[in-house]
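Visitor: any chance you can model this:
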Amino acid sequence: MKMRPGTQTGFLLCGKEWTEGEALEVRSPWDQGLVGRVTMATRADARQAVHHAVASLRRARALPRWKRREILEDVAAALIEQKERFAQLIVAEAGKPVRMARSEVDRAVLTFKTAAEEAARLGGESLPLDLTEGNEGRWGLVQRFPVGPVLAITPFNFPLNLVAHKLAPAMAAGCPVILKPAPETPFTALALGEVILKAGWPEEALAVLPLSDADTAWLAEKEDRIKLVSFTGSAKVGWELKAHSGRKRVLLELGGNAALIVHGDWPDLDEAAVRTAHAAFGYAGQSCVSVQRVFVERCVFQTFLWKVVEETAKLPAGNPSDEATEIGPLIRLADAERVESWIKEAVAGGAKLVAGGERHGSVVTPTILTATKPGMKLRDEEGLGPVVAIEPYDDFEQALADANHSKYGLQAGLLTRDAGRILTAYRELEVGALIVGDTPSWRTESMPFGGVKDSGLGREGIRSAIEEMTEPRMLVMAGL
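Guide: Model prediction:
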C-alpha cells in the first residue's frame, strides 16, 4: 500500500487490494486535512471473507510451529525496518504525538516477537489414565487446537499495537482472522496486513475490512462460521455484541476509569508527580488505562497536587508531528467538546478547577480538578481525555472504597512501601491488575490484560489470547 494524501486505498481480501466501491474519507484529528480515502467493504465482501477464512482453516492450523514462528519473526523484522513509515501513519490518522507513535511501533515489534516465542511453546500434556483397575495401558494426551475463524474489532487509539494484539496470537494459534479496524484509523491496519501477507501468512486466512457498524454487527451476530469475536472498544458496544453473538466465544477489552492511590510513605513524590502527569495527559488521555482519578493521603495531598500541576505545565501541547509534543488533539472534535462539557459540569457542581480546562478546536489543555464527587461524569465515566481528578483521603480503606466506586475495573496503581497495604489493596481492589510502584497506565505485551465489571471479559496478552483462541482436545489411548 503506497498511501499518498488524497488517494484511495482498497481493503484487503484474498491477498488483493480492492478499490471499487464506496469510499470513506479519513481526516487528520489535528488540522482536518485529508489523510486519504479507503474503500468500504460491503456485507457481501464480509461474507466472502468468512468463506475464505473457513476454507483456509485447515491450511492455517497445519502450519508447523517453526513456520508460524518464522512468519511472526519476519513481521517483527519488517516493522523494525519500516518503523518511521508506520509511525507517520499513526501520527496522520490517529493524531498521536510522533515520539509516542514510534514507541507504539516498538511495542508492536515486541508483540510479534512474543507471539513467535509462544508459537514455539504452544503444547499440551500427557495424562495417566490407568488409575483404576481395568484401565491398564490407558493414557491420555491433551493438545490445543485453533477454535476457527476470528473476527477482530479494534479501536482508534493504538491502531498498530492493539491490532497486533489481535492478529499475532491468532497467527500463533493457527486461526484465520477477519480484522475490522476503527474507521478513524484504517490505514495503519491495512499496511500491517500487507506486511503479514508478505511474510508468508496464507492469503485467504487474513482479511482487513473497513465495514459499517451495521455490517460489523451482522458479522458478529449472524455469521455462525465465525467462532470467536475479539472486541476492543466501548463498554456499550462490547456488551451489545456479547448479548447478540449466540454461541460464539467473545473476548471484550472495554473501557476503564483508572485510579491511582498515593500513600504518604511513598519516598519520591517528585518522580510520582512526573509519572502521574504523563500517565494522565500523554496522547491527550486517550487510553483505557490513562490515570483519571488520584487519591492522595491528606498529609502529602497539597504537596503532591502542586507537583503534578508543575509537571503538567511542562508538557507541550500542539501539532503531533512536532518532536516535542506530548499532548495532541482528541480523535474527533465531538470528543473534545464532550470533555469540555464534562469539565464545565463538574465545576458547576462544586469541583475546583486547578489547571487547564480550555479547548482550542480538538485540543483540550491538560485539566486538573479537585473537590469532585461521585455523580460527576468525569469521576464516574471513562473520560478518554486529558482530565484528572486529584482528591485527598484520611483512611486507606476509604481510598480503596473510593477507587472501587466505579462501574469499571481495568487497572489500578498504588504507591506505598507498606507490604500490608499492598496485600490489602491486592485483595480488595476490583480490577484486572494492580500496578504497585507505578501508575495504572503501565502495561507490557506479555501480561494478561483485561478487567472486571464493565471493563470486559477474558484477557489479552499473547499467551492469554492464544489460550482464548484455542480449545483443548483430549486423545485417549487404550490397549497400545
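Visitor: what's the burial count for residue 381?
Guide: 17 (other CB atoms under 10 Å). (Each C-beta comes from the backbone N, C-alpha and C, glycine too.)
Visitor: if I pick the spatially most central residue of the chain, what's in contact with it?
Guide: Closest to where the C-alpha atoms of the chain average out (CA atoms, centre = their mean) is residue 162, at 4.8 Å. By CB atoms under 8 Å, 6 or more residues apart in numbering, the residues touching residue 162 are 154-155, 232.
Visitor: doesn't it belong to a helix?
Guide: Yes. Under DSSP: H, G, I helix; E, B strand; the rest coil, residue 162 falls within a helix.
Visitor: ok, now how distant is it from residue 380?
Guide: From residue 162 across to residue 380, the span is 25 Å (CB to CB, to the nearest Å).
Visitor: pLDDT below threshold where in this structure?
Guide: 1-6, 480 (pLDDT under 70).
Visitor: domain map for the chain?
Guide: The chain breaks down by automatic domain parsing into domains covering 8-254+456-476, 258-445.
Visitor: circling back: of the contacts of residue 162, which is the most crowded?
Guide: residue 154 leads these on contacts (other CB under 10 Å) with 28 neighbours.
Visitor: wait, that one touches residue 161, no?
Guide: No. Using CB atoms under 8 Å as the test, residue 154 is too far from residue 161 to be in contact (9.8 Å).
Visitor: show me the helices in the stretch 301-450 of the chain, by range?
Guide: 333-348, 377-380, 396-404, 419-428 (DSSP state H, counting those that start in this stretch).
Visitor: winner for burial among the ones you listed?
Guide: helix 377-380 (a mean of 20; mean count of other CB atoms under 10 Å).
Visitor: is it true that residue 472 touches residue 143?
Guide: Yes. Using CB under 8 Å, residue 472 is in contact with residue 143, at 7.3 Å.
Visitor: who has more neighbours out of those two?
Guide: residue 143 (14 against 11).
Visitor: can you say which helix or strand has the more buried one in it?
Guide: Taking DSSP states H and E as the definition, residue 143 sits inside strand 139-146.
Visitor: distance from the chain centre to that strand, please.
Guide: 30 Å (CA atoms, centre = their mean, to the nearest Å).
Visitor: so for that strand, what gets flagged as buried?
Guide: 144, 146 (16 or more other CB atoms under 10 Å).
Visitor: redo the helices of the stretch 301-450 of the chain as CSV? Include distance to residue 292.
Guide: Shown next, in CSV, are those (distance: least, CB to CB, whole Å):
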stretch, distance to residue 292
helix 333-348, 11
helix 377-380, 8
helix 396-404, 11
helix 419-428, 18
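Visitor: Provide a list of residues in contact with the closest residue to residue 258 other than its chain neighbours.
Guide: In space, and not counting its chain neighbours, residue 258 is closest to residue 440: 4.0 Å by CB to CB, 6 or more residues apart in numbering. Neighbouring residues of residue 440 by CB under 8 Å, 6+ apart: 256, 258-260, 279, 289, 291, 410-413, 431, 433.
Visitor: let's see if you can find the most crowded of these.
Guide: For the contacts of residue 440, the largest number of neighbours (other CB under 10 Å) sits with residue 258, at 32 neighbours.
Visitor: residue contacts, that residue?
Guide: 288-293, 410-413, 439-441.
Visitor: closest to residue 352 among those residues?
Guide: For these, the minimum distance to residue 352 (CB to CB) is 15.1 Å, reached by residue 293.
Visitor: the closest one: how many residues sit nearby?
Guide: 25.
Visitor: looks to me like it is in a strand.
Guide: Yes. Judged by three-state DSSP, residue 293 forms part of a strand.
Visitor: residue contacts, it?
Guide: Counted by CB under 8 Å, 6+ apart, residue 293 has contacts 257-260, 379, 388-389, 391, 402-403, 406.
Visitor: which one of those residues sits closest to residue 173?
Guide: residue 258 (29.6 Å).
Visitor: ok, that closest one to residue 293 distance?
Guide: 7 Å.
Visitor: strands of the stretch 51-200 of the chain, residue ranges please.
Guide: Along the stretch 51-200 of the chain, counting by DSSP state E, counting those that start in this stretch, strands occupy 125-128, 139-146, 150-153, 177-180.
Visitor: same for the top helix by length along the chain, what does it pack against?
Guide: For the chain, the helix with the greatest residue count under DSSP state H is helix 98-121. Secondary-structure packing of helix 98-121 (3 or more CB pairs under 8 Å, 6 or more residues apart in numbering; DSSP states H and E): helix 65-81, helix 83-94, helix 161-173, helix 462-468.
Visitor: repeat that with 10 Å
Guide: Counting contacts by 3 or more CB pairs under 10 Å, 6 or more residues apart in numbering; DSSP states H and E, helix 98-121 is packed against helix 65-81, helix 83-94, helix 161-173, helix 186-198, helix 462-468.
Visitor: that one vs helix 83-94, what angle?
Guide: On the basis of axes from the mean of the first three to the mean of the last three CA atoms, to 10 degrees, helix 98-121 is oriented at 110 degrees to helix 83-94.
Visitor: return the set of buried residues in helix 98-121.
Guide: Buried, per 16+ other CB under 10 Å, within helix 98-121: 98-102, 104-105, 107-119.
Visitor: could you do stretch 457-477 as well?
Guide: The neighbour-count check on stretch 457-477 (16+ other CB under 10 Å) flags 457-471 as buried.
Visitor: any idea which of those residues is closest to residue 197?
Guide: Comparing the buried residues of stretch 457-477 against residue 197 with CB to CB places residue 469 closest, at 19.6 Å.
Visitor: relative to residue 244, how far out is the closest one?
Guide: Counting by CB to CB, the gap from residue 469 to residue 244 is 21 Å.
Visitor: try residue 358
Guide: Distance from residue 358 to residue 244, by CB to CB: 41 Å.
Visitor: between these two, which has more neighbouring residues?
Guide: Neighbour count, other CB under 10 Å: between residue 358 and residue 244, residue 244 has more, with 14 against 11.
Visitor: so how far is residue 137 from residue 75?
Guide: Taking CB to CB, one finds residue 75 at 45 Å from residue 137.
Visitor: who's more crowded, these two?
Guide: Between residue 75 and residue 137, counting by other CB under 10 Å, residue 75 is the more crowded of the two (29 against 10).
Visitor: is that one in contact with residue 110, as I believe?
Guide: No. Counting by CB atoms under 10 Å, residue 110 is not a contact partner of residue 75; they are 11.9 Å apart.
Visitor: now the residue nearest to residue 258: how far from residue 394?
Guide: Distance from residue 440 to residue 394, by CB to CB: 22 Å.
Visitor: ditto for residue 81
Guide: 55 Å.
Visitor: likewise residue 298?
Guide: Counting by CB to CB, the gap from residue 298 to residue 394 is 5 Å.
Visitor: quick one: residues contacting residue 297.
Guide: 261-266, 304, 392-396, 399, 415-416 (CB atoms under 10 Å, 6 or more residues apart in numbering).
Visitor: can you count the residues close to the residue lying closest to residue 99 once chain neighbours are set aside?
Guide: Closest residue in space to residue 99, ignoring its immediate chain neighbours: residue 323 at 6.5 Å, by CB to CB, 6+ apart. The local packing of residue 323 (other CB under 10 Å) involves 8 other residues.
Visitor: how about residue 132?
Guide: 8.
Visitor: contact partners for it?
Guide: Here residue 132 is in contact with residue 138 (criterion: CB under 10 Å, 6+ apart).
Visitor: for the closest residue in space to residue 73 that isn't next to it in sequence, give me its contacts.
Guide: Once flanking residues are discounted, residue 73 sits nearest to residue 116: 4.7 Å by CB to CB, 6+ apart. Contacts for residue 116 (CB under 10 Å, 6+ apart) come out as 65, 68-76, 168, 171-172, 462.
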